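1. give me coordinates for this.
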Amino acid sequence: MILHDFSYIVLPPRAGDLAEDVRALLEANDKAKTYRHVRDVAEANAAIARRYHLDDDKCRAAALLHDVSAVIRPADMLAWVDKHGLPTCEAERKHPFLLHQRLSRVMAEEYFGVADVEILAPIECHTTLKENATSYDMALFIADKLAWDQEGTPPFFDAVSDALNHSLEAASLAYMDYMVDNGLLLCPHVNWTAAQGWLRSL
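-> Below you'll find the predicted structure:
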């Protein structure tokens, strides 16, 4: 299991309740702020689920799990994918924390026993999105941004919220365009570039 590869990670007893087990793992590894973020994203994603007729439980689960790999140090994320021969892009090598979306999916499968692709797939692309994204992918992508993990209201909040009145696609593109237009991307991820082009073509 992936978490056994990192001796510094504390694995608390499991309660069998997803929200509680995510909280316990994150807080045991000094990631209480991350837990508060995923809890807020779960509420935001559930609201999007109701609005767009998605499965509430799946959206909550994906949100709770999307940042669980925060317990792994970014440099170790890159070392782990290299050790396992997984491909990486330039953005991931320059900024290894971008790998957290991929490793959170691995953890969701291996540690939390999740098998539902409608939960796993959104976790794996919640930072960058991807081409031909599903409604579940876009819902988590948007929820993660609207319930961001920094202080105050996101500068793109109004633009994305207004676009969400039209569609998940419009809201996703509104966020991506804002980030690009304002020079806020550190290094475009290949999936981001493909997703933005796909959304613009719709």
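
2. how far away is the residue nearest the centre of the chain from Tyr136?
-> With the centre of the chain defined as its mean C-alpha position, the nearest residue by C-alpha atoms, centre = their mean is His126, 3.4 Å away. Spatial separation of His126 from Tyr136 under the definition C-beta to C-beta, to the nearest Å is 10 Å. C-beta here means a position set from N, CA and C on the backbone, and glycine is covered the same way.

3. try Tyr175
-> 17 Å.

4. for Met176, same thing?
-> Applying C-beta to C-beta, the value for Met176 to Tyr136 is 18 Å.

5. what does Pro12 give?
-> Taken as C-beta to C-beta, the span from Pro12 to Tyr136 is 29 Å.

6. and those two? Which one has more around it.
-> Counted by other C-beta atoms under 10 Å, Pro12 and Tyr136 do not tie: Tyr136 has more neighbours, with 26 against 14.

7. that one sits in which helix or strand?
-> Under DSSP states H and E, the secondary-structure element containing Tyr136 is helix 135-146.

8. report all helices and strands that that helix contacts.
-> Helix 135-146 sits against helix 32-51, helix 56-65, helix 117-124, helix 157-164, helix 168-181, with contacts defined as 3 or more C-beta pairs under 8 Å, 6 or more residues apart in numbering; DSSP states H and E.

9. now these as JSON lines including mean neighbour count?
-> JSON lines is the format used below for the helices and strands packed on helix 135-146 (neighbours: other C-beta atoms under 10 Å):
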{"stretch": "helix 32-51", "mean neighbour count": "19"}
{"stretch": "helix 56-65", "mean neighbour count": "24"}
{"stretch": "helix 117-124", "mean neighbour count": "22"}
{"stretch": "helix 157-164", "mean neighbour count": "16"}
{"stretch": "helix 168-181", "mean neighbour count": "19"}
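
10. who wins for proximity to Asp149 among these?
-> In this view, the helices and strands packed on helix 135-146 are compared for proximity to Asp149 by C-beta to C-beta, and helix 32-51 is the closest at 4.1 Å.

11. what's near enough to touch Val180?
-> Counting by C-beta atoms under 8 Å, 6 or more residues apart in numbering, Val180 touches Pro188, Gln196.

12. give me the pLDDT for it.
-> Per-residue confidence (pLDDT) for Val180: 95.

13. got it, and Leu3?
-> For Leu3, the model assigns a pLDDT of 92.

14. can you tell me the closest non-neighbouring residue to it?
-> If you skip the residues right next to it in sequence, Leu3 has Ile9 as its closest partner in space, 5.3 Å away by C-beta to C-beta, 6 or more residues apart in numbering.

15. sec struct for the one you found, please.
-> Going by DSSP: H, G, I helix; E, B strand; the rest coil, the secondary structure assigned to Ile9 is coil.

16. can you give me the distance of it to Val68?
-> From Ile9 over to Val68 (counting by C-beta to C-beta), the distance is 11 Å.

17. who has more neighbours out of the two?
-> When neighbours are counted by other C-beta under 10 Å, Ile9 and Val68 differ, and Val68 comes out ahead with 28 against 16.

18. ok, Leu26 touching Val68?
-> Yes. Judged on C-beta atoms under 8 Å, Leu26 makes contact with Val68 at a distance of 7.0 Å.

19. many thanks, we can stop here.
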